[in-house]
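Asks: Need coordinates for the following:
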Amino acid sequence: MSFARVRLQPLARQARLFTTSPYRQSVLDSAKDAAKKVDRTVSDAAVKGIEKGEQASQAAKSTIGMKTNEAKGEAAANTGEMKGKAQDMAGQAKGKAQEMAGEAKGKAQELKGEAKSKM
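Replies: Here you go, the predicted structure:
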């Protein structure tokens, strides 16, 4: 097989007949850049917050061991107090319900009496 050799002629250099204008950002590009900056700032703040939370968590874990018994005692006291308040509120609600039921019965009897008298 024979391959024909083709000789390429160098192209003559021509002067460029056009120029490129400088890149101008559109409003959308500017908004995207601003959003990226805000996102980055928020992300950095969130990371710092998470790190502070981890530090606080470690500090809390070290003090929890000492205060567990104190917390149990307070929880028991608060539980008793809350039960008392809940029973008190339930009693008040029951009393109010009975009062409203009595009023409704009285009103029904009154209307029944008026209806009979008109007949």
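Asks: Just want the phi and psi numbers for residue 42.
Replies: Backbone torsions of residue 42, given as degrees, to the nearest 10, read phi -60, psi -40.
Asks: burial measure for it, as a count.
Replies: Residue 42: 10 surrounding residues under other CB atoms under 10 Å. Where you see a C-beta, it was placed from the backbone N, CA and C, and this is true even at glycine.
Asks: do the same with residue 100
Replies: Residue 100 has 10 nearby residues by other CB under 10 Å.
Asks: Tell me the pLDDT of it.
Replies: On the pLDDT scale, residue 100 is placed at 86.
Asks: which SS class is it?
Replies: helix (DSSP: H, G, I helix; E, B strand; the rest coil).
Asks: Quick check: the most centrally placed residue in the chain vs residue 53, distance?
Replies: The residue lying closest to the centre of the chain (CA atoms, centre = their mean) is residue 46, at 13.9 Å. Distance, residue 46 to residue 53, by CB to CB, to the nearest Å: 10 Å.
Asks: Check residue 94 too.
Replies: Residue 94 is 45 Å from residue 53, by CB to CB.
Asks: show me where this structure has strands.
Replies: With DSSP state E as the definition, the chain shows no strands.
Asks: Which parts of it are helices?
Replies: 27-118 (DSSP state H).
Asks: in the chain, which ranges drop under the pLDDT threshold?
Replies: 1-23, 62, 64-69, 71 (pLDDT under 70).
Asks: at 80 what do you get?
Replies: Across the chain, the ranges flagged by pLDDT under 80 are 1-28, 58-78, 80-81, 84, 115, 118-119.
Asks: Can you list phi and psi of residue 26 for me?
Replies: phi -80, psi 170.
Asks: That one: how many residues sit nearby?
Replies: If we define neighbours as other CB under 10 Å, then residue 26 has 8 of them.
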